[in-house]
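Asker: let me see the structure of the following:
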Amino acid sequence: MNTVTSPGPVRLTQYAHGGGCACKLPPGELEEVLRGLGSGVPVSGAAGDLLLGLDPGDDAGVVRLRGAYRGLAVLATTDFFTPMVDDPYDWGRIAAANALSDVYATGGQPLLALNLLAWPRGALPLELAREVLRGGSEVAAAAGCHVAGGHSVDDPEPKYGMAVTGLVDPDRMLRADAGIPGVPLSLTKPLGIGVLNSKHKATGEIFPQAVDAMTRLNRGAAEAAVAAGAVCATDVTGFGLLGHAVKLARAGGVTVAIDAGAVPVLDGARQALREGHISGGTRRNLEWVGPHADLSRLSEEEALLLADAQTSGGLLVAGEVPGAPVIGGILPRGPHALLIR
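Answerer: Sure, this is the predicted structure:
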């Protein structure tokens, strides 16, 4: 029986070596791991056709159904991570919103989520785990998504997330490899989540603006993008704006141009950056992007901010999304996948 009790406020971020999507494997290392796995291999007897898999770099897998269900596509995704905030309820809400974001990045609708929970039962009270699950369930309910069970393990480091199944219209789907030259780029959430989370972990200072951004669902942005006729999008998470922009450019065989001055940034993020609250994930993002990008007009500080590892960030959409700033556009393939203007 778990008898651990908390003598006072527990700082969940101190039980993790990093936090949120900043803990993802670096993009270069992940590409090496995934190279040649599950790409273009037909599966005999499958009930549908794979529309999205590993190759384009999308986080969700999408299968177009056949037979009586023709005209529908099922999507599946999973996402989990260590705590980036100390409040367990907020961590649960953020993790759920982040997992659901992969569904919205395809223009889909979530149907069912399963909890994924790793918990150090000998170190942290189970009452805190209950708060994490409560936060996740409330965000899923707000998304119109059922939560039914899941899986848990005893783990020295706390982790939480969800595996989500949804539906999408295969003829109105958003995908990373569909960029068309001449189309503007919109970003639906401001940057700076990563540096504010790093400062929170180091100091305990709470940043409501970051929590608000991370818990806001991308549903409205996805619906607006699809309604506007967009066909290309990705969500901005652990690889930062620069990393996800490069992946979008490479997937579509285009160049992504970003106007650094037009990119929205959360209040306090630049101050946190100047104070040195930069995750290792952010630095690895910038290192990976370097060979694929022209960053000559950026200061190191601005480059790090644009590479900042986001958790439950916004959508990067090829097209204009009402209420979201236009931060650049798509150009024909050039010498660089990414160009900062």
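Asker: can you pull the domain assignment for this protein?
Answerer: 12-171, 174-340 (automatic domain parsing).
Asker: looking at the ones you listed, which is buried most?
Answerer: domain 174-340 (a mean of 21; mean count of other CB atoms under 10 Å). (Each C-beta comes from the backbone N, C-alpha and C, glycine too.)
Asker: roughly how far out does that domain sit from the chain middle?
Answerer: Centroid separation between domain 174-340 and its chain, computed with CA atoms, centre = their mean, to the nearest Å, is 10 Å.
Asker: from what I can see N285 touches A307, true?
Answerer: Yes. N285 lies in contact with A307 (CB atoms under 8 Å); the separation is 4.2 Å.
Asker: return every residue with contacts to both of these two.
Answerer: 240, 242-243 (CB atoms under 8 Å, 6 or more residues apart in numbering).
Asker: show me which of those residues is closest to I193.
Answerer: G240 (10.1 Å; CB to CB).
Asker: what sits against the closest one?
Answerer: 191, 194, 282, 285-286, 289, 306-310.
Asker: off-centre distance for the one helix or strand A95 maps to?
Answerer: A95 belongs to helix 88-104 when assigned by DSSP states H and E. When distances are taken as CA atoms, centre = their mean, helix 88-104 is centred 9 Å away from the chain's centroid.
Asker: strands of the chain, start to end?
Answerer: Ranges of strands within the chain are 48-52, 61-65, 73-81, 109-119, 146-154, 159-168, 184-187, 232-235, 254-258, 293-294, 315-318, 326-332, 338-340, based on DSSP state E.
Asker: can you redo those strands as a markdown table with mean pLDDT?
Answerer: Output for these, formatted as a markdown table (pLDDT from 0 to 100):
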| stretch | mean pLDDT |
| --- | --- |
| strand 48-52 | 81 |
| strand 61-65 | 87 |
| strand 73-81 | 93 |
| strand 109-119 | 97 |
| strand 146-154 | 96 |
| strand 159-168 | 97 |
| strand 184-187 | 98 |
| strand 232-235 | 96 |
| strand 254-258 | 98 |
| strand 293-294 | 97 |
| strand 315-318 | 98 |
| strand 326-332 | 98 |
| strand 338-340 | 96 |
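Asker: with distance to L128 added, can I get the ones you listed in a markdown table?
Answerer: Converted to a markdown table, the strands of the chain look like this (distance: least, CB to CB, whole Å):
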| stretch | distance to L128 |
| --- | --- |
| strand 48-52 | 36 |
| strand 61-65 | 32 |
| strand 73-81 | 16 |
| strand 109-119 | 8 |
| strand 146-154 | 13 |
| strand 159-168 | 11 |
| strand 184-187 | 34 |
| strand 232-235 | 28 |
| strand 254-258 | 40 |
| strand 293-294 | 41 |
| strand 315-318 | 31 |
| strand 326-332 | 38 |
| strand 338-340 | 41 |
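Asker: low-confidence stretches in the stretch 1-150 of the chain?
Answerer: 1-8, 18-28, 30-31, 33-45, 54-59, 68 (pLDDT under 70).
Asker: switch the cut-off to 50
Answerer: Residues of the stretch 1-150 of the chain meeting the criterion pLDDT under 50: 1, 3, 6-7.
Asker: for the stretch 201-341 of the chain, same thing?
Answerer: Low-confidence segments of the stretch 201-341 of the chain, defined by pLDDT under 50: none present.
Asker: can you give me the helices for it?
Answerer: Taking DSSP state H, counting those that start in this stretch to define them, one finds helices in the stretch 201-341 of the chain at 208-215, 219-227, 240-252, 269-274, 280-289, 300-306.
Asker: and P88, which of those helices is closest to it?
Answerer: helix 208-215 (12.7 Å).
Asker: name the helices or strands packed onto that closest one?
Answerer: helix 88-104, helix 193-203 (3 or more CB pairs under 8 Å, 6 or more residues apart in numbering; DSSP states H and E).
Asker: that helix to helix 88-104, inter-axis angle?
Answerer: Note on geometry: by axes from the mean of the first three to the mean of the last three CA atoms, to 10 degrees, helix 208-215 and helix 88-104 are set 40 degrees apart in direction.
Asker: show me the contact partners of helix 208-215.
Answerer: By CB under 8 Å, 6+ apart, helix 208-215 touches 84-85, 90, 93-94, 97-98, 139, 189-190, 192-193, 196-197, 200, 266-268, 311-314.
Asker: one step back: for the helix holding A95, packing partners?
Answerer: Against helix 88-104 (3+ CB pairs under 8 Å, 6+ apart) you get strand 73-81, strand 109-119, helix 126-142, strand 159-168, helix 208-215, helix 219-227, strand 232-235.
Asker: let's have those in TSV, adding distance to P181.
Answerer: Putting the helices and strands packed on helix 88-104 into TSV (distance: least, CB to CB, whole Å) gives the following:
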stretch	distance to P181
strand 73-81	27
strand 109-119	30
helix 126-142	37
strand 159-168	25
helix 208-215	30
helix 219-227	18
strand 232-235	11
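Asker: so which of the ones you listed gets nearest R333?
Answerer: strand 232-235 (14.8 Å).
Asker: keeping just the C-alphas, turn the closest one into PDB.
Answerer: What follows is strand 232-235, C-alpha atoms only, in PDB (Å, rounded to 0.1, in the frame of the first residue of the first chain):
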ATOM      1  CA  CYS A 232      -0.900  22.000 -44.800                       C
ATOM      2  CA  ALA A 233      -0.100  22.400 -41.100                       C
ATOM      3  CA  THR A 234       2.000  21.000 -38.200                       C
ATOM      4  CA  ASP A 235       1.900  21.700 -34.500                       C
END
